[in-house]
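>>> any chance you can model this:
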Amino acid sequence: MSILRTLTAVTAALVLAGCSAGDGAGDEAGRGEAGRAGGAPSHSAAPGPSAGAPSGTRPDRQHDGWRDSDIPVFGPAPAAEKIALPPGGSVPYLLRIPTTQKVAFLTIDDGFLKHPEAPKLIAAARVPVTLFLTTNAIKDNPDYFRPMIAAGAVVESHTITHNNLRGKSYAFQKREICGSADRLAKWYDRRPVLFRPPFGNKDATTLRAAHDCGMKAAFMWKETVHKGKVRYQEGKRVKPGDIILMHFREAFVKDFLSALRAIHKAGLTPALLEDYI
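Numbers count the residues shown, from 1 in each chain. A predicted model of the protein is given here:
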(Lines give C-alpha, C1' and ligand atoms only; values in the text may rest on other atoms or scores of the structure.)
Protein backbone atom coordinates (compact mmCIF):
# COMPACT_ATOMS: atom_id res chain seq x y z
CA MET A 1 0.00 0.00 0.00
CA SER A 2 2.86 2.38 0.78
CA ILE A 3 4.26 1.81 -2.72
CA LEU A 4 0.85 2.52 -4.26
CA ARG A 5 0.50 5.76 -2.28
CA THR A 6 3.98 6.83 -3.37
CA LEU A 7 3.22 6.22 -7.07
CA THR A 8 -0.05 8.10 -6.79
CA ALA A 9 1.67 11.09 -5.21
CA VAL A 10 4.39 11.16 -7.89
CA THR A 11 1.79 11.01 -10.69
CA ALA A 12 -0.19 13.88 -9.21
CA ALA A 13 2.95 15.97 -8.86
CA LEU A 14 3.88 15.41 -12.52
CA VAL A 15 0.41 16.43 -13.70
CA LEU A 16 0.53 19.64 -11.66
CA ALA A 17 4.02 20.45 -12.91
CA GLY A 18 2.90 19.94 -16.51
CA CYS A 19 -0.02 22.34 -16.06
CA SER A 20 2.24 24.98 -14.52
CA ALA A 21 4.76 24.72 -17.36
CA GLY A 22 1.99 24.96 -19.94
CA ASP A 23 0.50 28.06 -18.36
CA GLY A 24 3.87 29.80 -18.24
CA ALA A 25 4.59 29.00 -21.88
CA GLY A 26 1.17 30.32 -22.83
CA ASP A 27 1.80 33.61 -21.04
CA GLU A 28 5.15 34.10 -22.79
CA ALA A 29 3.67 33.17 -26.19
CA GLY A 30 0.81 35.62 -25.69
CA ARG A 31 3.16 38.52 -25.04
CA GLY A 32 5.10 38.05 -28.26
CA GLU A 33 7.55 40.54 -29.77
CA ALA A 34 4.92 43.27 -30.09
CA GLY A 35 3.95 43.04 -26.43
CA ARG A 36 7.56 43.34 -25.30
CA ALA A 37 8.16 46.33 -27.55
CA GLY A 38 5.09 48.15 -26.28
CA GLY A 39 3.46 48.11 -29.72
CA ALA A 40 0.05 46.90 -30.78
CA PRO A 41 -1.32 44.06 -28.62
CA SER A 42 -0.78 40.46 -29.63
CA HIS A 43 -3.67 38.70 -31.30
CA SER A 44 -2.74 35.19 -30.16
CA ALA A 45 -5.96 35.04 -28.15
CA ALA A 46 -7.85 34.60 -31.43
CA PRO A 47 -5.55 32.36 -33.47
CA GLY A 48 -6.36 31.28 -36.99
CA PRO A 49 -5.98 27.82 -38.50
CA SER A 50 -2.56 26.49 -39.37
CA ALA A 51 -1.51 23.56 -41.50
CA GLY A 52 -0.86 20.57 -39.28
CA ALA A 53 -2.55 22.17 -36.26
CA PRO A 54 -6.06 21.54 -34.94
CA SER A 55 -8.75 23.85 -36.28
CA GLY A 56 -8.88 27.14 -34.36
CA THR A 57 -5.28 26.98 -33.16
CA ARG A 58 -1.95 28.31 -34.38
CA PRO A 59 1.43 27.26 -32.96
CA ASP A 60 3.23 30.30 -31.57
CA ARG A 61 6.65 29.72 -33.10
CA GLN A 62 9.55 32.09 -32.51
CA HIS A 63 11.21 33.49 -35.63
CA ASP A 64 13.95 36.05 -36.17
CA GLY A 65 12.36 39.23 -34.81
CA TRP A 66 8.74 38.04 -34.73
CA ARG A 67 6.41 35.36 -33.43
CA ASP A 68 3.32 33.87 -35.03
CA SER A 69 1.24 35.59 -32.34
CA ASP A 70 2.45 39.00 -33.54
CA ILE A 71 0.38 38.60 -36.70
CA PRO A 72 -3.21 39.91 -36.51
CA VAL A 73 -5.88 37.37 -37.39
CA PHE A 74 -8.40 38.38 -40.05
CA GLY A 75 -11.60 36.82 -41.24
CA PRO A 76 -12.08 36.10 -44.95
CA ALA A 77 -12.30 39.08 -47.29
CA PRO A 78 -15.71 39.72 -48.88
CA ALA A 79 -16.34 38.75 -52.48
CA ALA A 80 -14.64 41.47 -54.53
CA GLU A 81 -16.72 44.06 -56.36
CA LYS A 82 -14.82 45.03 -59.50
CA ILE A 83 -14.65 48.74 -60.25
CA ALA A 84 -15.51 50.27 -63.61
CA LEU A 85 -12.46 51.50 -65.50
CA PRO A 86 -12.80 54.58 -67.71
CA PRO A 87 -12.45 54.02 -71.47
CA GLY A 88 -9.78 55.72 -73.53
CA GLY A 89 -6.09 55.56 -74.30
CA SER A 90 -4.82 56.13 -70.76
CA VAL A 91 -5.02 54.15 -67.54
CA PRO A 92 -6.61 55.60 -64.40
CA TYR A 93 -4.35 56.67 -61.54
CA LEU A 94 -5.75 55.49 -58.21
CA LEU A 95 -4.89 56.35 -54.61
CA ARG A 96 -7.60 54.08 -53.25
CA ILE A 97 -10.18 51.68 -54.62
CA PRO A 98 -13.64 53.31 -54.65
CA THR A 99 -15.48 50.73 -52.53
CA THR A 100 -17.54 50.69 -49.35
CA GLN A 101 -16.44 47.16 -48.57
CA LYS A 102 -14.38 46.89 -45.39
CA VAL A 103 -11.11 46.08 -47.13
CA ALA A 104 -7.68 47.61 -47.58
CA PHE A 105 -4.85 46.74 -49.93
CA LEU A 106 -1.25 46.11 -48.92
CA THR A 107 1.37 46.72 -51.61
CA ILE A 108 5.15 46.22 -51.38
CA ASP A 109 7.60 47.95 -53.73
CA ASP A 110 11.03 47.60 -55.30
CA GLY A 111 12.95 44.50 -54.15
CA PHE A 112 16.43 45.94 -53.72
CA LEU A 113 16.85 44.51 -50.20
CA LYS A 114 15.80 40.89 -49.78
CA HIS A 115 15.06 40.43 -46.09
CA PRO A 116 15.36 36.74 -45.15
CA GLU A 117 12.21 36.86 -43.02
CA ALA A 118 9.93 38.39 -45.68
CA PRO A 119 8.96 35.16 -47.48
CA LYS A 120 8.28 33.38 -44.17
CA LEU A 121 6.29 36.27 -42.72
CA ILE A 122 4.11 36.71 -45.80
CA ALA A 123 3.39 32.97 -45.86
CA ALA A 124 2.59 32.89 -42.14
CA ALA A 125 0.28 35.93 -42.34
CA ARG A 126 -1.89 34.33 -45.02
CA VAL A 127 -3.03 37.71 -46.36
CA PRO A 128 -3.01 38.86 -50.01
CA VAL A 129 -0.33 41.34 -51.07
CA THR A 130 0.66 42.95 -54.37
CA LEU A 131 4.38 43.23 -55.16
CA PHE A 132 5.35 46.12 -57.45
CA LEU A 133 8.84 44.91 -58.39
CA THR A 134 11.66 46.77 -60.13
CA THR A 135 13.36 44.34 -62.48
CA ASN A 136 16.90 45.68 -62.05
CA ALA A 137 16.44 45.36 -58.29
CA ILE A 138 15.44 41.71 -58.39
CA LYS A 139 17.42 40.33 -61.35
CA ASP A 140 20.15 39.09 -59.01
CA ASN A 141 17.69 36.70 -57.34
CA PRO A 142 14.23 36.37 -58.94
CA ASP A 143 13.71 33.11 -57.05
CA TYR A 144 13.60 34.98 -53.75
CA PHE A 145 10.03 36.08 -54.54
CA ARG A 146 8.70 32.66 -55.61
CA PRO A 147 7.69 31.55 -52.08
CA MET A 148 5.68 34.77 -51.75
CA ILE A 149 3.91 34.04 -55.02
CA ALA A 150 3.23 30.49 -53.85
CA ALA A 151 1.68 32.02 -50.71
CA GLY A 152 -0.69 34.16 -52.84
CA ALA A 153 1.26 37.35 -53.59
CA VAL A 154 0.84 38.80 -57.09
CA VAL A 155 3.70 40.50 -58.98
CA GLU A 156 3.11 43.75 -60.89
CA SER A 157 5.27 46.27 -62.75
CA HIS A 158 7.44 49.01 -61.21
CA THR A 159 9.75 49.78 -64.19
CA ILE A 160 13.20 48.43 -65.06
CA THR A 161 15.46 51.04 -63.45
CA HIS A 162 13.21 52.83 -60.90
CA ASN A 163 13.71 56.09 -62.80
CA ASN A 164 11.49 59.13 -62.27
CA LEU A 165 9.22 58.96 -65.32
CA ARG A 166 7.63 62.38 -65.11
CA GLY A 167 8.76 64.58 -67.99
CA LYS A 168 10.49 61.76 -69.86
CA SER A 169 9.71 60.96 -73.50
CA TYR A 170 7.01 58.52 -74.50
CA ALA A 171 9.65 56.13 -75.88
CA PHE A 172 11.61 56.16 -72.61
CA GLN A 173 8.54 55.58 -70.45
CA LYS A 174 7.15 52.86 -72.68
CA ARG A 175 10.49 51.04 -72.63
CA GLU A 176 10.60 51.17 -68.83
CA ILE A 177 7.02 49.93 -68.37
CA CYS A 178 6.77 47.39 -71.19
CA GLY A 179 10.29 46.11 -70.61
CA SER A 180 9.57 45.55 -66.92
CA ALA A 181 6.34 43.69 -67.66
CA ASP A 182 8.03 41.52 -70.28
CA ARG A 183 10.86 40.48 -67.93
CA LEU A 184 8.52 39.75 -65.05
CA ALA A 185 6.41 37.60 -67.37
CA LYS A 186 9.45 35.50 -68.28
CA TRP A 187 10.45 35.02 -64.65
CA TYR A 188 7.04 34.35 -63.16
CA ASP A 189 4.86 33.10 -66.06
CA ARG A 190 2.38 35.94 -65.68
CA ARG A 191 2.54 39.34 -67.36
CA PRO A 192 1.68 42.24 -65.01
CA VAL A 193 -1.50 44.22 -65.64
CA LEU A 194 -1.05 46.86 -62.91
CA PHE A 195 1.64 49.53 -62.65
CA ARG A 196 3.12 51.84 -60.05
CA PRO A 197 5.40 54.67 -61.23
CA PRO A 198 8.51 55.12 -59.08
CA PHE A 199 8.03 57.71 -56.33
CA GLY A 200 4.41 57.96 -57.48
CA ASN A 201 5.56 60.46 -60.09
CA LYS A 202 3.72 60.43 -63.40
CA ASP A 203 2.37 62.62 -66.16
CA ALA A 204 -0.11 62.15 -68.98
CA THR A 205 2.57 60.37 -71.01
CA THR A 206 3.07 57.85 -68.20
CA LEU A 207 -0.60 56.90 -68.16
CA ARG A 208 -0.70 56.61 -71.94
CA ALA A 209 2.44 54.49 -72.09
CA ALA A 210 1.12 52.24 -69.33
CA HIS A 211 -2.08 51.71 -71.32
CA ASP A 212 -0.11 50.87 -74.44
CA CYS A 213 1.94 48.35 -72.45
CA GLY A 214 -1.21 46.48 -71.47
CA MET A 215 -1.67 47.90 -67.98
CA LYS A 216 -5.20 48.35 -66.63
CA ALA A 217 -4.45 50.94 -63.94
CA ALA A 218 -1.63 52.80 -62.19
CA PHE A 219 -1.44 53.35 -58.45
CA MET A 220 -0.25 55.71 -55.77
CA TRP A 221 -1.27 55.18 -52.09
CA LYS A 222 -3.04 56.60 -49.06
CA GLU A 223 -0.75 55.32 -46.32
CA THR A 224 2.97 54.58 -46.16
CA VAL A 225 4.88 52.45 -43.67
CA HIS A 226 8.51 53.11 -42.75
CA LYS A 227 10.53 51.83 -39.77
CA GLY A 228 7.40 50.44 -38.20
CA LYS A 229 5.42 53.69 -38.36
CA VAL A 230 2.28 54.14 -40.43
CA ARG A 231 1.87 57.61 -41.95
CA TYR A 232 -1.57 58.75 -43.08
CA GLN A 233 -2.51 61.22 -45.79
CA GLU A 234 -5.97 61.63 -44.26
CA GLY A 235 -6.83 61.31 -40.58
CA LYS A 236 -5.32 58.64 -38.36
CA ARG A 237 -7.05 55.50 -39.56
CA VAL A 238 -7.03 53.29 -42.63
CA LYS A 239 -10.23 53.78 -44.60
CA PRO A 240 -12.12 51.27 -46.76
CA GLY A 241 -10.44 50.92 -50.14
CA ASP A 242 -7.15 52.49 -49.03
CA ILE A 243 -3.93 51.37 -50.71
CA ILE A 244 -0.99 51.01 -48.30
CA LEU A 245 2.61 51.29 -49.47
CA MET A 246 5.67 49.68 -47.93
CA HIS A 247 9.03 48.51 -49.31
CA PHE A 248 11.45 45.62 -49.11
CA ARG A 249 13.74 47.25 -46.55
CA GLU A 250 15.70 46.35 -43.42
CA ALA A 251 12.67 47.06 -41.24
CA PHE A 252 10.45 44.74 -43.31
CA VAL A 253 9.20 42.77 -40.30
CA LYS A 254 8.20 45.88 -38.34
CA ASP A 255 6.68 47.52 -41.40
CA PHE A 256 4.64 44.47 -42.42
CA LEU A 257 3.29 43.87 -38.93
CA SER A 258 2.52 47.58 -38.45
CA ALA A 259 0.58 47.68 -41.71
CA LEU A 260 -1.47 44.64 -40.73
CA ARG A 261 -2.18 46.05 -37.27
CA ALA A 262 -3.35 49.34 -38.78
CA ILE A 263 -5.74 47.44 -41.06
CA HIS A 264 -6.97 45.31 -38.17
CA LYS A 265 -7.44 48.32 -35.87
CA ALA A 266 -9.62 49.97 -38.51
CA GLY A 267 -11.89 46.92 -38.61
CA LEU A 268 -10.83 46.11 -42.18
CA THR A 269 -9.57 43.00 -43.93
CA PRO A 270 -6.65 42.77 -46.39
CA ALA A 271 -7.88 42.11 -49.92
CA LEU A 272 -6.13 41.52 -53.23
CA LEU A 273 -5.86 44.61 -55.39
CA GLU A 274 -6.06 42.60 -58.62
CA ASP A 275 -9.47 41.21 -57.66
CA TYR A 276 -11.00 44.71 -57.85
CA ILE A 277 -9.55 45.78 -61.21
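>>> part of a helix, is Thr206?
Yes: under DSSP: H, G, I helix; E, B strand; the rest coil, Thr206 falls within a helix.
>>> got a list of what it touches?
Counting by Cβ atoms under 8 Å, 6 or more residues apart in numbering, Thr206 touches Leu165, Arg166, Gln173, Ile177, Pro197, Ala218. The C-beta positions use only the backbone N, C-alpha and C, and glycine is treated the same way.
>>> the closest residue to it other than its chain neighbours sits in which helix or strand?
Nearest in space to Thr206, with sequence neighbours left out and distances taken as Cβ to Cβ, 6 or more residues apart in numbering, is Leu165 at 5.0 Å. Counting by DSSP states H and E, no helix or strand carries Leu165.
>>> tally of neighbours for Ser90?
By other Cβ atoms under 10 Å, 18 other residues sit near Ser90.
>>> Met215 versus that one, what's the distance?
Relative to Met215, Ser90 is positioned 10 Å away (Cβ to Cβ, to the nearest Å).
>>> equivalent analysis for Arg196, please.
With Cβ to Cβ as the criterion, Arg196 and Met215 are 10 Å apart.
>>> likewise Ile177?
In terms of Cβ to Cβ, Ile177 sits 7 Å off from Met215.
>>> pull up the overlap in contacts between these two.
Listed contacts common to Ile177 and Met215 are Ser157, Phe195; contacts here mean Cβ under 8 Å, 6+ apart.
>>> more crowded one of these two?
Ranked by neighbour count (other Cβ under 10 Å), Ile177 and Met215 place Ile177 first, with 27 against 24.
>>> how far does stretch 116-136 stretch from one end to the other?
19 Å (Cα to Cα, to the nearest Å).
>>> pull out the buried residues from it.
118-122, 124-136 (16 or more other Cβ atoms under 10 Å).
>>> so where do the strands sit in the stretch 101-250 of the chain?
Taking DSSP state E, counting those that start in this stretch to define them, one finds strands in the stretch 101-250 of the chain at 103-110, 130-133, 154-157, 194-195, 217-219, 223-226, 229-232, 243-247.
>>> what about the helices in the stretch 1-150 of the chain?
Taking DSSP state H, counting those that start in this stretch to define them, one finds helices in the stretch 1-150 of the chain at 2-37, 118-125, 135-138, 146-150.
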